[in-house]
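Colleague: Pasted the sequence and its predicted model underneath.
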Amino acid sequence: MFKKFVSIFLIAILCCSFLAACGGGGNNNQNQGQDEARSYLVGTDTTFAPFEFEDENGNHTGIDIVLLETIGEEMGFEIEWSILGFSAAVTALEAEQVEAVMAGMSITEERKLKYDFTDSYYDAAVAVAVKAGSEYTSLEDLRGKPVVAKNATTGAQYAEEVAAEYELDIIYVDESAIMYQYVESDLAEACFEDYPIVQYEIGRGTISLEVVNQSSYSFPTALAVLKGNSPELIADFNEGLAKLKANGEYRRILDSFFNPQK
């Protein structure tokens, strides 16, 4: 009787083990399916047209937004945007509150000490813009004058590079729109901004400025992650960007913002 009881007990244990194994296999497959849907939280700017801005329907769009989402579709990952402003996005990246920043961010030697960058998707010089119709036509004309630049940008970097030579008094702000207002309201005589950005706004008629100087060099623009973090995102971005350039989609995205009439 005891042997019969032991046999029944062992059979019950084997059956439970088999059922547990079958159930576990189903859960593993489900988890694998979930893992395949990769997603990244990416910080970006609020207003930096045409790279990121709010359109007439209240949608956040721009070259950066459309380009990264298109690369994601090509490479099989999704993007969740955190719209913070440039300085706040960089701070969030360093605090690991976002996984990457894509906000017209230029590659500089100083930034490469802290961040890993993708291949560049755009190169831009820095422009010096003054109020339309003003007497200023060069940096020399601005000697000793107050100028405005956006915090932690290559525009600010260029302003700092020439400040001593031209005795410039630099005012720092956090948003491009505020920078333009300073010049239009005569609180500053010029602003330092990426050339395609300020030229885009001038072309749209949203600001009454004109460009009087450009830096002699350009800054490559890229997506950034913290050094050593998210190498798979860097690799996927680079591969996806190469594919979009090869099939013509990259040029179509740029033209849709810079030359919308085409």
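Modeller: Right, received. Where do you want to start?
Colleague: does A127 have beta-bridge partners, and which?
Modeller: A127 forms beta bridges with E193, Q214, as assigned by DSSP bridges.
Colleague: for the residue nearest the centre of the chain, what are its contacts?
Modeller: Residue closest to the mean C-alpha point of the chain, counted by CA atoms, centre = their mean, is M102 at 1.1 Å. Shown in contact with M102 (CB atoms under 8 Å, 6 or more residues apart in numbering): 42-44, 64, 68, 223-224. (Glycine included, C-beta is placed from N, CA and C.)
Colleague: same thing with V98?
Modeller: V98 is in contact with 41-43, 82, 84, 89, 92, counting by CB under 8 Å, 6+ apart.
Colleague: hmm, try it at 7 Å
Modeller: V98 makes contact with 41-43, 82, 89, 92, according to CB atoms under 7 Å, 6 or more residues apart in numbering.
Colleague: Quick check: it is in a helix.
Modeller: No. Counting by DSSP: H, G, I helix; E, B strand; the rest coil, V98 is not part of a helix but coil.
Colleague: Tell me the confidence at it?
Modeller: Per-residue confidence for V98 comes out at a pLDDT of 98.
Colleague: Make 324 the starting number, not 1.
Modeller: With the count now opening at 324, the last piece we talked about shows up as V421.
Colleague: could you pull out the helices for the stretch 324-473 of the chain?
Modeller: 325-359, 386-398, 409-417, 432-435 (DSSP state H, counting those that start in this stretch).
Colleague: Comparing those by mean pLDDT, which bottoms out?
Modeller: helix 325-359 (a mean of 41).
Colleague: circling back: redo the contacts of V421 as a markdown table? Include distance to A450.
Modeller: Shown next, in a markdown table, are the contacts of V421 (distance: CB to CB, whole Å):
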| residue | distance to A450 |
| --- | --- |
| L364 | 32 |
| V365 | 26 |
| G366 | 25 |
| S405 | 28 |
| A412 | 22 |
| A415 | 28 |
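Colleague: Out of those, the closest to R574 would be?
Modeller: The nearest member of the contacts of V421 to R574, counting by CB to CB, is V365 at 22.9 Å.
Colleague: burial measure for the nearest residue to G551 once chain neighbours are set aside, as a count.
Modeller: Nearest residue to G551, sequence neighbours excluded (CB to CB, 6 or more residues apart in numbering): D439, at 7.1 Å. Using other CB atoms under 10 Å, D439 is surrounded by 19 other residues.
Colleague: next one: K568
Modeller: Neighbours of K568 using other CB under 10 Å come to 13.
Colleague: ok, and it, which helix or strand is that part of?
Modeller: helix 554-570 (DSSP states H and E).
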